[in-house]
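Q: Sequence and predicted structure are below.
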Amino acid sequence: MAIEKILKDDASEEKGERARMASFVGAIAITDLVKTTLGPKGMDKILQSTGRGHEVTVTNDGATILKSLHIDNPAAKVLIDISKVQDDEVGDGTTSVVVLAGELLREAEKLVAAKIHPMTIISGYRMAAECARNALLKRVVDNKENAEKFRTDLMKIAMTTLSSKILSQDKEHFAQLAVDAVMRLKGSTNLEAIQIIKKPGGSLKDSFLDEGFILDKKIGLGQPKRIENAKILVANTAMDTDKVKIYGARVRVDSMSKVAEIEGAEKEKMREKVQKIIAHGINCFVNRQLIYNFPEELFADAGILAIEHADFDGIERLALVTGGEIASTFDNPESVKLGHCKLIEEIMIGEDKLIHFSGVEMGQACTIVLRGARYGIAVSPLSCSP
């Protein structure tokens with residue numbers, strides 16, 4: 001009886017010693033790749049994307065390097081996943097965790113070659129990990145009751161993290177920014193209150209911490225440039241001219257007057273929508289989607305600041321820090337939660353105009369503005385941000 005074929009025609013299968021060797025080789029190759037970036041003497045790598053524009057980034061952050069790799073080896077993919085988890089949970093040690101895992105595998109390869117069973121090796125590593133953990137717990141020091149010592153400890157941790165980064169020469173400045181931002185949270189672990197934006201230009205030392213929220217958008221023409229005691233409606237709704245949005249639908253008319261009637265009906269529908277939004281008693285409207293000329297003109301006539309095309313991460317964080325909620329329907333104003341802040345104004349950072357929200361409801365909210373000679377340099381400090 002012929003054995004049924006399970007694998008596809010172009011599939012390959014490796015078993016036993018050959019499969020084990022492929023896993024060792026792949027994982028150790030990844031380790032050797034990032035090992036040269038480890039520690040204060042570690043070197044930076046220049047990464048060039050394969051996408052449009054071939055963007056170049058200079059970094060020695062393990063997670064950033066490994067995220068940009070396209071790997072087929074399953075063991076190497078496991079190491080990349082370890083680095084990603086370390087980056088998400090801790091924010092540092094992304095290279096160290098890969099190098100440590102790779103060196104453990106390198107030693108395990110020697111033990112396997114000496115005919116020691118893999119499960120015996122794993123049991124030994126687990127015992128060693130428990131001993132190491134107990135040794136570390138005996139050395140733990142907690143100074144959270146003493147504010148001055150606690151801040152000093154945070155500064156030391158931040159500077160240790162920055163010692164191996166591209167901005168190690170300015171590590172004290174960036175450690176101060178990170179610690180000031182975290183201390184504003186007053187014990188909260190909600191890092192969403194900390195906004196990080198990148199603005200190429202100037203030097204790394206020009207990076208600063210701003211108390212409030214900065215949205216990377218411009219204020220439109222004919223709109224107020226400064227609003228005090230702002231009531232903010234954050235929305236994700238279509239503000240283009242309402243058309244017959246049915247796939248494949250067509251409207252046939254026999255005269256230009258009929259076209260004018262249709263356009264008039266569309267404008268009237270949009271006017272009604274704008275009136276519903278204005279009825280919320282707001283003086284600032286922030287929308288995730290585009291706002292076309294006609295509704296923008298209506299908002300300007302009503303003295304309302306309308307901000308369009310704010311990125312989704314930006315409006316989510318803006319809603320959080322101002323105490324509002326993202327709305328998509330406007331029939332019931334009493335069910336919509338508005339955001340509040342003391343002042344909205346336009347500011348300049350380098351050559352760019354941005355919108356600054358100060359006195360927000362979430363008092364601990366702040367924005368770290370990263371500067372650098374070029375975009376790749378400005379992005380690099382993100383790997384050591386809180």
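A: Yep, it's here. What you see is a predicted model; the values in this text were computed from it and never measured. Residues are numbered from 1 along each chain as shown.

Q: Let me know the secondary structure of Gly303.
A: Following DSSP: H, G, I helix; E, B strand; the rest coil, we place Gly303 in the coil state.

Q: Neighbours of it, how many?
A: As a burial measure, Gly303 scores 11 neighbours (other CB atoms under 10 Å). For every residue, glycine as well, the C-beta is placed using N, CA and C.

Q: Please name the nearest non-neighbouring residue to it.
A: In space, and not counting its chain neighbours, Gly303 is closest to Pro224: 6.3 Å by CB to CB, 6 or more residues apart in numbering.

Q: what do you get for Gly62?
A: Leaving aside its sequence neighbours, Gly62 sits nearest to Thr95 (CB to CB, 6+ apart; 3.2 Å).

Q: roughly how far apart are the residue nearest to Ala302 when sequence neighbours are not counted and Cys341?
A: Nearest residue to Ala302, sequence neighbours excluded (CB to CB, 6+ apart): Ile278, at 5.3 Å. To Cys341, Ile278 is 19 Å away according to CB to CB, to the nearest Å.

Q: Likewise for Ile157?
A: Distance of Ile157 to Cys341, given as CB to CB: 32 Å.

Q: Next: Leu298.
A: Going from Leu298 to Cys341 by CB to CB gives 23 Å.

Q: Which residues are in contact with the residue nearest to Gly303?
A: Residues in contact with Pro224 (CB atoms under 8 Å, 6 or more residues apart in numbering) are 283, 303, 305.

Q: switch to 10 Å and redo it
A: By CB atoms under 10 Å, 6 or more residues apart in numbering, the contact list for Pro224 reads 283-284, 300, 303-305, 344-346.

Q: could I get these as TSV with distance to Ile30 and pLDDT?
A: Listed next are the contacts of Pro224 as TSV, based on distance: CB to CB, whole Å; pLDDT from 0 to 100:
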residue	distance to Ile30	pLDDT
Asn283	54	88
Cys284	49	90
Ala300	55	86
Gly303	58	86
Ile304	54	87
Leu305	50	88
Ile344	48	89
Glu345	48	90
Glu346	47	88
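
Q: Spell out the residue ranges of the helices in the stretch 251-386 of the chain.
A: With helices called from DSSP state H, counting those that start in this stretch, the stretch 251-386 of the chain shows them at 256-278, 293-301, 312-322, 375-379.

Q: hmm, who's touching the first one?
A: Looking back up the chat, that one is helix 256-278. Residues outside helix 256-278 that contact it (CB under 10 Å, 6+ apart) are 233, 235, 237-244, 251-253, 255, 285, 287, 291-292, 294-299, 301-304, 306, 327, 329-333, 336.

Q: picking that back up, neighbour-wise, which of Leu298 and Cys341 wins?
A: Neighbour count, other CB under 10 Å: between Leu298 and Cys341, Cys341 has more, with 27 against 20.

Q: you'd agree the more buried one is up against Ala230?
A: Yes. Using CB atoms under 10 Å, Cys341 makes contact with Ala230 at a distance of 5.1 Å.

Q: Pull the distance from stretch 320-332 to the chain's centre.
A: In terms of CA atoms, centre = their mean, to the nearest Å, the centre of stretch 320-332 is set 22 Å apart from its chain centre.

Q: List the buried residues for it?
A: 320-322, 324, 326-327, 330 (16 or more other CB atoms under 10 Å).

Q: closest to Lys199 among those residues?
A: Val321 (19.7 Å; CB to CB).

Q: quick one, strands of this protein?
A: Taking DSSP state E to define them, one finds strands in the chain at 45-48, 56-59, 194-200, 208-210, 213-215, 226-235, 284-287, 305-307, 326-327, 339-349, 352-360, 366-372.

Q: between those strands, which one is nearest to Lys115?
A: Nearest to Lys115 among the strands of the chain is strand 45-48 (38.5 Å), distances taken as CB to CB.

Q: ok, residues contacting the closest one?
A: 33-34, 36-37, 54-61, 64-65, 67-69, 376.

Q: please redo it, this time with the cut-off set to 7 Å
A: 37, 54, 56-60, 65, 68 (CB atoms under 7 Å, 6 or more residues apart in numbering).
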